[in-house]
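Student: Below are the sequence and a predicted model; questions follow.
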Amino acid sequence: REGRDDGTFFVSGNLRREGTMAAMVVQVPPIAWAQRKDGVYVTIKVPDLSNEKVEMTATALKFSGESEEKKYEFGFDLFGKVIPEESKWKNHGRDVQMHLVKEDKDADYWPRLFAEKKIDKQYATTDWSRYVDEDEEGDDGGFDMSALDGATNFGGMDDDAYEPDSDDDVDLSDLEPSGTAVTSTDDKEEASV
């Protein structure tokens, strides 16, 4: 692991860490990415991952986890700035998927995922299943985010932990006068019960 002055680090090649049990090989996992004007979708391809830890700042992404007696780890500076509080990640069992929200949504596409070209060429590949050319990005924009339903936000709050701040999404049907029930919220039609 090589340190840097700004506190970030990166793993180069395979390292061996000696422990009380068998030595565990540390390596950078396969990383695939694609982007849109407003965000970056990152997939870390490691099946059966456990003890995963994902951290992000506005300028860096750190990851570690274990699978099949191997330790995976990296910490790289990103090419551009992201908004950690709006970004999220989820372990799917076969991979870890992340959606990083770009800070400057009007800027040009990033030429690479990581700040250092050498690191990017060595560890990051294009996710062709999510790739869209910058000139062909439609008005619908964005990625299919259904794979990240229930994902963990980097800001620390899970999507499932959302609590309405007023009567948003709260069932108020028990407050209707007896003998009536609202059957359509659009038309406010009432039906006798």
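Tutor: Looks like it came in fine. Computed from a predicted structure; not experimentally measured. Numbering: from 1, shown residues only.
Student: CA only for contacts and neighbour counts going forward, please
Tutor: Noted.
Student: Contacts only, for the nearest residue to residue 78 once chain neighbours are set aside.
Tutor: Of all residues not flanking residue 78 in the chain, residue 114 sits nearest, at 4.3 Å (Cα to Cα, 6 or more residues apart in numbering). Shown here is residue 114, whose contacts under the criterion Cα atoms under 8 Å, 6 or more residues apart in numbering are 76, 77, 78, 79, 120.
Student: ok, so of those, who is nearest residue 69?
Tutor: Comparing the contacts of residue 114 against residue 69 with Cα to Cα places residue 76 closest, at 23.4 Å.
Student: pretty sure that closest one belongs to a strand, no?
Tutor: Yes - residue state for residue 76 (DSSP: H, G, I helix; E, B strand; the rest coil) corresponds to a strand.
Student: That one: neighbour count?
Tutor: The number of residues packed around residue 76, counting by other Cα atoms under 10 Å, is 21.
Student: Give me the pLDDT for it.
Tutor: Here, the pLDDT recorded for residue 76 equals 97.
Student: State the distance from it to residue 92.
Tutor: 22 Å (Cα to Cα, to the nearest Å).
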